[in-house]
Structure formats: structure tokens, C-alpha cells
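# Need coordinates for the below:
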Amino acid sequence: MIPSSTLRLPLPGGDIVAPLTVNQALPANTLNIHERLASFYGSEAEDIVKVARSEKLDPDDPTDLCRAELMFVIRTEMPQTLGDLLFRRTGRAAAGLPDDREIELCARTMAKECRWDAKRMAAEIQSVKTASMLWQAACFKRDP
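Okay, the predicted model is just below:
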């Protein structure tokens, strides 16, 4: 049996020395959001702030920081569906479906990044909202 390399090597973002170090590198006005980013992404939370700045978003604005997080995840983890983004890649829906405003923000961001048309975006939103089981929302159902 081949020994696991993760016993010695950190996972992406796992090279964090201490959460406080990451939080100090992030803007201060929205520490609760930054704490979530640091706990979810580790040292990659700093990369999300870099995305915000490169996209001319305000890393002190919670909505802009959310957009930057979504862009970072879409660009690095390549989710294929809105459900995949919400349920698997960001954990935003891990405790249940987010409110309509958050789903819409995620859908608009993913549509722009993935060049979806309005029809695809609407179908993705519908798929997430109508899944009978939360895990099913990560799977976009296309008509045969």
C-alpha cells in the first residue's frame, strides 16, 4: 500500500500557520466573513482578496467579497453547475438552501464567469430550488 502524501503535505490552503495570520492579512471591516473564508479556505483566503482587488471589487464589502470568493472557486475548482458551486465547492448550501438573493448572486456570478445565457442561468436556479434532496441540487438535469 502506498502511504498517503497528505500525511506530510498540506492540502490546498492548508499551509496556514495560524488563522490569526490570515485574518490579519484580510481587511478588518468584515471579520466574520473573513473568519469564514480563513476557516474554509485556509491560506487561500488571501487569494480571494487578491481576486477582489484584481476585479476592482471592495474586499471590505461583504457582497463584493462574496463575488470574489465565487470567482476564485469557479476559476480554480471549475464547478459545472450552480448546485455544484453551492453545495460542493463553497459549502454555502451545506446547512440548507440559501435565500433567493444569495442564490441569484451566485447564479449571476457563475453565469458571467461561465458565459451562460439567461436561459441556462434560469434552468440552473430552477434545478437548485426544486431538487427533492439537497445532494441532487449539485446535479443539473438536462432534458434528453
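
# What's the first helix or strand after the helix or strand of the chain with the lowest mean pLDDT?
Within the chain, confidence by mean pLDDT, DSSP states H and E is lowest for helix 19-25 among all helices and strands, at a mean of 48. The element immediately downstream of helix 19-25 (helix or strand, assigned by DSSP states H and E) is helix 31-41.

# other SSEs contacting that next one?
helix 19-25, helix 45-54, helix 62-77 (3 or more C-beta pairs under 8 Å, 6 or more residues apart in numbering; DSSP states H and E). Yep, even glycine has a C-beta here, placed from its N, CA and C like the rest.

# In the second one, which residues are buried?
Along helix 45-54, the positions that meet the burial threshold by neighbour count (16 or more other C-beta atoms under 10 Å) are A45, E46, D47, I48, V49, V51, A52.

# pretty sure the last one contacts D64?
Yes. At 5.9 Å, A52 counts as touching D64 under the criterion of C-beta atoms under 8 Å.

# Find residues that contact each of the two.
D58 (C-beta atoms under 8 Å, 6 or more residues apart in numbering).

# mind giving me the domain ranges of this structure?
18-77, 79-144 (automatic domain parsing).

# Which of those domains comes out lowest on mean pLDDT?
Of all the domains of the chain, mean pLDDT reaches its minimum on domain 18-77 (a mean of 81).

# L105: how many residues sit nearby?
By the criterion of other C-beta atoms under 10 Å, L105 has 16 neighbours.

# on contacts alone, who are the packing partners of the host helix or strand of it?
Using DSSP H and E, L105 sits within helix 100-114. For helix 100-114, the elements it packs on are helix 62-77, helix 82-83, helix 118-130, judged by 3+ C-beta pairs under 8 Å, 6+ apart.

# And E102, how far from S43?
Between E102 and S43 the computed distance is 25 Å (C-beta to C-beta, to the nearest Å).

# rewinding a little: export the helices and strands packed on helix 100-114 to a markdown table and tack on mean neighbour count and distance to G96?
What follows is the helices and strands packed on helix 100-114, written out as a markdown table (neighbours: other C-beta atoms under 10 Å; distance: least, C-beta to C-beta, whole Å):
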| stretch | mean neighbour count | distance to G96 |
| --- | --- | --- |
| helix 62-77 | 20 | 18 |
| helix 82-83 | 27 | 13 |
| helix 118-130 | 16 | 12 |
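
# Okay then, goodbye and thanks.
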